[in-house]
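this is a predicted model, with the sequence first.
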Amino acid sequence: MVAAPLGLSALTPAALRRLKFQAGLAGLALLLCASLVIAVTIGPADISPGEVWAVIAHKLGLIAESPVSRLREGIVWELRLPRVLAAAAVGAGLAICGAVMQALTRNPLADPYLLGLSSGASVGAVSMMLIGATLLLPVGAFIGALVAMGLTLGLARSLGAITASRAILAGLAVSALASALTSFLIFWTATGDSYREILSWLMGSLAGARWSDTGLALVALAAVGAPLIASGRILDGFVFGDTAARALGIDVERTRWVMLGGTALLTGVLVAISGAIGFVGLILPHAVRLVAGGRHHHLLPLAALAGAVFMVWTDTASRTLFDPRELPVGIVTAMIGAPAFFLILLRNRRAT
């Protein structure tokens, strides 16, 4: 009797899914590392990947003397690297928030932008900018996002059970209200250069990202994003509704509000750094779900890495395509996201 050859066909479905997840995770992690280095090399000053690594090694104390000139070292360390890392953190965080919100609301069209969180965060952040309290931008953005989330869910619930269509309609109403309030604040208060600065920020921009911004984004991603990623198995319990989640021993209301509060906090911090960037939290979870399936303990880390890669390259495109002028990154994500959003609407037209 000849033994059957071992291979992928001999694996159980669970083992095969785990293998695909591990391969996808490793592939996206390598792609992100390569994207970070390559993106730093792109710009008016021609810098090689070797110089990027030399600068990093010197700044981390791994080599005593940098072979790169001080000017080029400054371009890498002070200008490009913090911006690229901030873009990666923003993309990862927004993708996580979108995936979590889609699971908690059972709404495939949920994301921080569509449900009003980004617009609410913009109201809080712009208010801080106008009164000169720039250090309180993350606090103002978080409060604005939290209020917008509460208004959206409250409005949707006042119409009955929270369904996908009701959540979308409520989110659009809150987003329009928050946008109008932001415009009013700018019209009434902003003058001169502050008007241009706020307008650029509202369209989404990482042009002013420095190490302090990058550090804040990475801390928020570690403190809030990592626990959200770790809650993937809990989110799986929400897929079949609140009754099924309760049957699994999940405290539905408490869990939902704690996790939505976490997404509001993370969204607020990210919006304070990058401005209002739409569609990332909507597109990336869907794109990853098509490949990796709907299990959230697989979906969340893969979406985070995919979101990071996506934002690194959209931000790189925004600062280089029309050099010496820079296009707000929110315009680039919208140009990509709007057609993708239309395709998602077509796929979900029967559900809504």
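That came through, no problem. Since the model is a prediction, treat every value here as computed from it, not as a measurement.

lowest-pLDDT helix or strand in the protein?
helix 193-202 (a mean of 72; mean pLDDT, DSSP states H and E).

packing partners for the helix or strand just after that helix?
Scanning forward in sequence from helix 193-202 by DSSP states H and E, the next helix or strand is helix 211-220. Packing partners of helix 211-220 (3 or more C-beta pairs under 8 Å, 6 or more residues apart in numbering; DSSP states H and E): helix 81-105, helix 252-274. Where you see a C-beta, it was placed from the backbone N, CA and C, and this is true even at glycine.

next helix or strand past the first one?
In this case it means helix 81-105. Tracing the chain past helix 81-105, the next element assigned as helix or strand by DSSP H and E is helix 117-130.

repeat for the last one
Next in sequence after helix 252-274, counting helices and strands by DSSP H and E, comes helix 280-292.

so for that next one, mean pLDDT?
Per-residue pLDDT values over helix 280-292 give a mean of 88.

likewise for stretch 131-138?
Stretch 131-138 shows a mean pLDDT of 78.

any stretches of the stretch 51-200 of the chain with poor pLDDT?
162-165, 190-194 (pLDDT under 70).

need the contact list for Ala133.
By C-beta atoms under 8 Å, 6 or more residues apart in numbering, the contact set of Ala133 is Gly140.

how close does it get to Ala223?
Using C-beta to C-beta, to the nearest Å, Ala133 is found at 22 Å from Ala223.

for Glu78, same thing?
For Glu78, the distance to Ala223 (C-beta to C-beta) stands at 26 Å.

mind checking which helix or strand Leu62 is in?
Assigned by DSSP H and E, Leu62 falls within no helix or strand.

since we're on it, how many residues are nearby?
Residues contacting Leu62 under the criterion other C-beta atoms under 10 Å number 10.

check contacts around it.
Per C-beta under 8 Å, 6+ apart, neighbours of Leu62: none.

list the buried ones in the top helix by length along the chain?
Counting by DSSP state H, the longest helix found in the chain is helix 13-41. Within helix 13-41, the residues scored as buried using 16 or more other C-beta atoms under 10 Å are Phe21, Gly24, Leu28, Leu32, Ser35, Leu36, Val37, Ala39, Val40, Thr41.

for Leu28, which residues are in contact?
Leu302, Leu305, Ala306, Val309.

I'd say the second one and Ala29 touch.
Which is Leu305. Yes - between Leu305 and Ala29 there is a contact at 6.2 Å, judged by C-beta atoms under 8 Å.

residue closest to the middle of the chain?
Leu94 (1.6 Å; C-alpha atoms, centre = their mean).

what about it, distance to Gly154?
Counting by C-beta to C-beta, the gap from Leu94 to Gly154 is 23 Å.

Gly91 touches Ala308, doesn't it?
Yes - using C-beta under 8 Å, Gly91 is in contact with Ala308, at 4.7 Å.

of these two, which one has the most company?
Neighbours around Gly91 and Ala308, counted as other C-beta under 10 Å, are more numerous at Gly91. The numbers are 32 against 28.

tell me the contacts of the more buried one?
Residues near Gly91 by C-beta under 8 Å, 6+ apart: Val280, Leu284, Gly307, Ala308, Val309, Phe310, Met311, Val312, Thr314.

make sure the fifth one is actually in contact with Leu32.
Yes - in terms of C-beta under 8 Å, Val309 counts as a neighbour of Leu32; the distance is 5.2 Å.

got any residues that touch both of those two?
Common contacts of Val309 and Leu32 (C-beta under 8 Å, 6+ apart): Ala88.

okay, the residue nearest to Leu305 when sequence neighbours are not counted: pLDDT?
Nearest residue to Leu305, sequence neighbours excluded (C-beta to C-beta, 6 or more residues apart in numbering): Leu28, at 3.8 Å. What the model reports for Leu28 is a pLDDT of 96.

if we can go back for a sec, I'd say the residue nearest to the centre of the chain and Leu282 touch.
No - with contact defined as C-beta under 8 Å, Leu94 does not count as touching Leu282 (9.2 Å).

tell me, what's touching these two both at once?
Contacts common to Leu94 and Leu282, judged by C-beta under 8 Å, 6+ apart, are Asp111.

nothing else from me, thank you.
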